[in-house]
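In: the sequence and its predicted three-dimensional model are supplied below.
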Amino acid sequence: MTTESLTQLVAMSNTLGRPENDYVILGEGNTSAAVGDGTFWVKASGAELRTAGPEQFARVDLERVLAVLDGDAVGEEQVRQQLSGAKVGPAAVAEPSIETMMHALCLRCDGVSFVGHTHPTAINVLTCSKAFEQALSGRLFAEDPVAGPQPPLVVPYTDPGLALARAIRSRLTPYIEAHGTAPKAIYLGNHGFVALGATAREVELITATAVKTARVLVGTFALGGPHFPGLGEAH
Ligand SMILES: [Zn+2]
């Protein structure tokens, strides 16, 4: 299971990192996969999704990562030290991404085994716009794995790392209480996108669909803004 989840994670990361997708450049974005024993693999800090191999992922203990959220870390350096302390193989060279807490919050949700965080240009046109939250407030298509049946979670801009993870946690808990399930997609204001999937393939599909929807949404503003035909639940 360890090797299998890592193999799938590497392939998913390389796919998300393909230049033609325009989801990330250089070391942007990070990905993770649950092992199934209370640990997960997460991309190493600074590694490129496009070229990352198995050695560029760190294995960490989920509960120890979540403990960093409630801990007393001040500043990025202390957060990095505490994340390093959550590594299952402490001798491993790869150091976990600063967004590892965000991945732990997603992977502890029922049905979520793979997570892909990217900065797609098409989606960031949306998340960097004044009409960001309004544009995501409805559902455009009957068949939409991102917007329905459960709506996406929207998180306004917060500094990356610990502050962002805490902001996600404060919105994810009430979301799950309201909808009975985790979102498939999280939009981060002035930052990017998170896909939560049961499989690596689902993360790729959610991301690709969200990018297409973002392009359509942005286009609608040339013709008066999006028309939501009242599909599914109101949100
Ligand atoms: Zn990011």
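Out: Yes, it's here.
In: okay, CA-based contacts and neighbour counts for the rest of this
Out: OK.
In: so how far is E63 from the closest residue to P54 other than its chain neighbours?
Out: Leaving aside its chain neighbours, P54 sits nearest to V10 (6.3 Å; criterion: C-alpha to C-alpha, 6 or more residues apart in numbering). Separation of V10 from E63 (C-alpha to C-alpha, to the nearest Å): 23 Å.
In: neighbour count for the two, which is higher?
Out: Shown here are V10 and E63; by other C-alpha atoms under 10 Å, V10 has more neighbours (26 against 14).
In: any buried residues in whatever helix or strand that one lives in, and which?
Out: Using DSSP states H and E, V10 maps to helix 2-16. For helix 2-16, the neighbour count (16 or more other C-alpha atoms under 10 Å) marks S5, L6, L9, V10, A11, M12, S13, N14, T15, L16 as buried.
In: quick one: average confidence on that helix?
Out: The average pLDDT for helix 2-16 rounds to 94.
In: chain center to that helix: distance?
Out: Helix 2-16 has its C-alpha centroid displaced from the chain centroid by 15 Å (C-alpha atoms, centre = their mean, to the nearest Å).
In: and what of stretch 101-116?
Out: Stretch 101-116 sits 8 Å away from the centroid of its parent chain (C-alpha atoms, centre = their mean).
In: and the end-to-end length of that stretch?
Out: 13 Å.
In: as a whole number, average confidence for that stretch?
Out: The average pLDDT within stretch 101-116 is 97.
In: what would the buried residues of helix 2-16 look like in JSON lines with distance to T173?
Out: Formatted as JSON lines, those follow (distance: C-alpha to C-alpha, whole Å):
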{"residue": "S5", "distance to T173": "26"}
{"residue": "L6", "distance to T173": "28"}
{"residue": "L9", "distance to T173": "26"}
{"residue": "V10", "distance to T173": "29"}
{"residue": "A11", "distance to T173": "30"}
{"residue": "M12", "distance to T173": "27"}
{"residue": "S13", "distance to T173": "27"}
{"residue": "N14", "distance to T173": "31"}
{"residue": "T15", "distance to T173": "30"}
{"residue": "L16", "distance to T173": "27"}
